[in-house]
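>>> this one's structure only:
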């Protein structure tokens, strides 16, 4: 719900000087015979036949003609929107079958026609194009659209034209950071139990990629004579080397595999070790490997119950998280760092100021609402007794991690079955562990499959011939017999992938 | 209005297979005697007395029980929100007198209390704190809040929880860029006539600061042996040196004043000249000064009718613009580059991918709507004859540049009057020029005042003693007798500034 509208609504009720009535009548049939006896008039009566009336939303706005406090906005936008959202959510499915979007009139000159994503066609994008290119190069978390569609009522972002125009946050101790987002981030970690935030500093960034760069800036010094070595155990996230080196900074440079670095003589020099756990690309649980006193940055983008058992609250000096892999809102470009050292927090903030003059406030507002909705899924129906055992036993419709883990569990099962006994491919095996969040043993179900081609030296090329786009192991400091492929795509695309991999196995020649 | 909702609405109407009725009854009194005769029931009847009913919004949602096209969302969210917005706009003024915000219950534990910005106090932030610190260090364009509050109906941004989750834009040729934003940017420049966009490439960034860095990256090469010199004629925007050098890149380095650079021998080396016109900090119209064949980047952040006569459509190789200084939405962090060379566009896009994995889609959606509203202010009531003479003659309530220019004209007049014959301060004078947009001569009314202290060597310190925070000329490659101060603050803060400067003049000692 709209934060601004919520505030305004509360202010209204608190002041008791204006009067608001929001009357909502879902699932109530409305008789138009009301019209002659009352003085309600209907305009824009577009429809002639009304097969089923599913809802009614009415908002009345009242104000004193001589208000002693004119500086208020007289509308319970929040309640009205919540109602609209419920009705949206009451519909059956995503627009264009969830496999496309509706073109805009002004720009596309094609009034309301579905434009289908790759692999789908037809008027409503429900037709599967069998031999299409399946692009799994990126970890685009569109799998989560389904969850948020179901929970649309809690997650409408509304921003009025005059709101959040300033560079500065409304309530802040870091100048650009919306205080409420920070509060919700801390609460999310408390609910999930995956990171300690008490007494820690939070810095919000434009996704965790920007925060990675902010960290490098914060941990190095403008007057150092040699660039600091940045290392990570292979296979490492392919962005680490690319993002470290693209500007050829004198502050830091990519120095490759942390295991090799540890064996060399260089670790007397300043270094920063990136520890991504669970690891992108291969899902391993990782720890620092360099035997030295350099900085360690923990990239915990995937340390969520969707992907891995939560084994405790992480409590490292520098931890990075991102909305993209927690709630699935990659397009919102919001990440956050949890930091022990205030000086690091301040220098990272300086980086964000120089790099992008802070972080989009629209994105911060949306992230706040989305995270709030996740938290409410686990707390709103919590019994008064507060027994922690009940957390995992609620109805799961509005429980993001239950949704995520269940989808990922299904997908990994499907993939393992399809590749079971395969002579062409192998994927890593994992042992289940006890998850403090679900309070039972669960499997590792990583966001990416780290696939090995058993019989070909260039797995990426082999799969490309079969119209499956993946990222080669070479980008991750590993061999070309490996590829990374995303497990986070929309359902039907995942099913197509599995079917195609199974066919490759059967045919052993390109389709 | 909501883009998604608009699309959905159009799709609905186009399909003619669902039925929508939106009945809006502003300024209609509603009798509750309707209730017994019809079957309308009211819940949550909070109010006992109803002094004035100012509006009613009703939305009915209909759907076939056995729809042949279930993949649609059955709600005219757009119309409903537009109505709500009109009612918001019908109220008298901004919350907390426009000088504060309402604290949120969950985080502040202070239900709906106004938290006032600096210089304001009281329950509704209407009290001026006379001796407060007036911070004019940044160019925070909060002046424009007033305009957008008046035009709230056209500029509600609504994003449902499941929308725009992907890294990728829905309709794009640049992967992260929303096509509709690009269309609106081109249209805005057509309406204003301040830049050529036909046949040009547009790249959207997280504000123009990110695009400045993207430009440096695009115009240099990873294998060059020496960093490219970045220069700009002093006084230059203080961010240019800071942003060029913070990462100590081997690709580019700050080389100072372009005039001095031109006199030296260095201009045989590769260089990039930044031309900010009208100039930040001093409002001058600028042209490239280095006599060489290096790249020239035109930062046209202030080339809008608020600040300067539009003398023609700029047509340079690389031009940067920003939402912050055009519509005033600094917090949205959106800027754009207009480019002749596709290779430059592609390499800038690569920078945006490496730096922040694209640009917030929430911000892009909001920017699209805001720009659309600006355009509609100048085109919606345009007569069929299409005579360009009529553009400036419409009612000005929804005309952003009329608002902006009129406020800036007033403020510069006020400032000049206050400093007229001053022995303490001087400000630059400008000649009026013919503006093709307003079709008459108008004054230069820059976003910043470039103030010179006549009797003190450190103008920033002198003003700081008087509790006015400015940015010293030293940051702009100029003398400490200069300061830059923002002319874009909210009205009352500007008035306080002028009053205080006038008092300084009268007293010649600190208050």
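Yep, that arrived. All values reported here derive from a predicted model rather than from experimental measurement.
>>> what ranges of the stretch 251-400 of chain A fall below the confidence cut-off?
The model of the stretch 251-400 of chain A has pLDDT under 70 over residues A:266-267, A:381-395.
>>> near chain B, which residues of it show up?
With the criterion set to C-beta under 8 Å from any C-beta of the partner chain, the stretch 251-400 of chain A comes near chain B through A:251, A:324, A:328-333, A:351, A:354-363, A:366, A:369-370, A:373. Placement of C-beta: from N, CA and C, glycine included.
>>> Strands of the stretch 251-400 of chain A, start to end?
Secondary structure of the stretch 251-400 of chain A (DSSP state E, counting those that start in this stretch): strands located at A:252-257, A:271-276, A:295-299, A:318-322, A:335-339.
>>> out of the ones you listed, nearest to residue B:205?
Closest to residue B:205 of these is strand A:335-339 (C-beta to C-beta; 18.0 Å).
>>> tilt between the closest one and strand A:295-299?
Following axes from the mean of the first three to the mean of the last three C-alpha atoms, to 10 degrees, one obtains 140 degrees for the angle between strand A:335-339 and strand A:295-299.
>>> Just give the closest residue to residue A:145, not the sequence neighbours.
Excluding the flanking residues, the one nearest residue A:145 by C-beta to C-beta, 6 or more residues apart in numbering or on different chains is residue B:162, at 4.7 Å.
>>> got the contact list for that neighbour?
Residues near residue B:162 by C-beta atoms under 8 Å, 6 or more residues apart in numbering or on different chains: A:94, A:145, A:146, A:147, A:148, A:149, A:152, A:155.
>>> hang on, the earlier thing: between the strands of the stretch 251-400 of chain A, which one is closest to residue B:222.
Comparing the strands of the stretch 251-400 of chain A by their distance to residue B:222 (C-beta to C-beta), the top pick is strand A:252-257, with 12.8 Å.
>>> next one: the closest one to chain centre, how far?
Here strand A:252-257 shows a centroid-to-chain-centroid distance of 28 Å under the convention C-alpha atoms, centre = their mean, to the nearest Å.
>>> same check, this time on stretch A:345-352
The answer for stretch A:345-352 is 23 Å, by C-alpha atoms, centre = their mean.
>>> How many neighbouring residues does residue A:186 have?
Other residues within reach of residue A:186, judged by other C-beta atoms under 10 Å in any protein chain shown, total 17.
>>> for residue A:155, same thing?
Other residues near residue A:155 come to 26 when the count uses other C-beta under 10 Å.
>>> With residue A:346 instead?
Applying other C-beta under 10 Å, we find 14 residues neighbouring residue A:346.
>>> Smallest gap between the stretch 351-500 of chain A and chain B, at which residue?
residue A:361 (3.7 Å; C-beta to the nearest C-beta).
>>> dump the residue contacts of that residue.
Contacts of residue A:361 by C-beta under 8 Å, 6+ apart are A:164, A:166, A:169, A:176, A:178, B:331, B:332, B:333.
>>> again, 6 Å this time
Contact partners of residue A:361, counting by C-beta atoms under 6 Å, 6 or more residues apart in numbering or on different chains, are A:164, B:331.
>>> what's the spacing between it and residue A:169?
Distance of residue A:361 to residue A:169, given as C-beta to C-beta, to the nearest Å: 7 Å.
>>> And for residue A:146?
Going from residue A:146 to residue A:169 by C-beta to C-beta gives 32 Å.
>>> Out of the contacts of residue B:162, which is nearest to chain B?
Nearest to chain B among those, with distances taken as C-beta to the nearest C-beta, is residue A:155, at 2.9 Å.
>>> Helices of the stretch 101-250 of chain A, start to end?
A:105-108, A:145-150, A:179-192, A:207-218, A:239-245 (DSSP state H, counting those that start in this stretch).
>>> would JSON lines of these with mean pLDDT be doable?
Output for the helices of the stretch 101-250 of chain A, formatted as JSON lines (pLDDT from 0 to 100):
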{"stretch": "helix A:105-108", "mean pLDDT": "44"}
{"stretch": "helix A:145-150", "mean pLDDT": "91"}
{"stretch": "helix A:179-192", "mean pLDDT": "96"}
{"stretch": "helix A:207-218", "mean pLDDT": "98"}
{"stretch": "helix A:239-245", "mean pLDDT": "98"}
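>>> Looking at those helices, which one is packed in the most?
Greatest average neighbour count among the helices of the stretch 101-250 of chain A goes to helix A:207-218 (a mean of 25), per mean count of other C-beta atoms under 10 Å in any protein chain shown.
>>> for that one, the distance to its chain's centre please.
Remark: helix A:207-218 is offset 18 Å from the chain centroid, using C-alpha atoms, centre = their mean.
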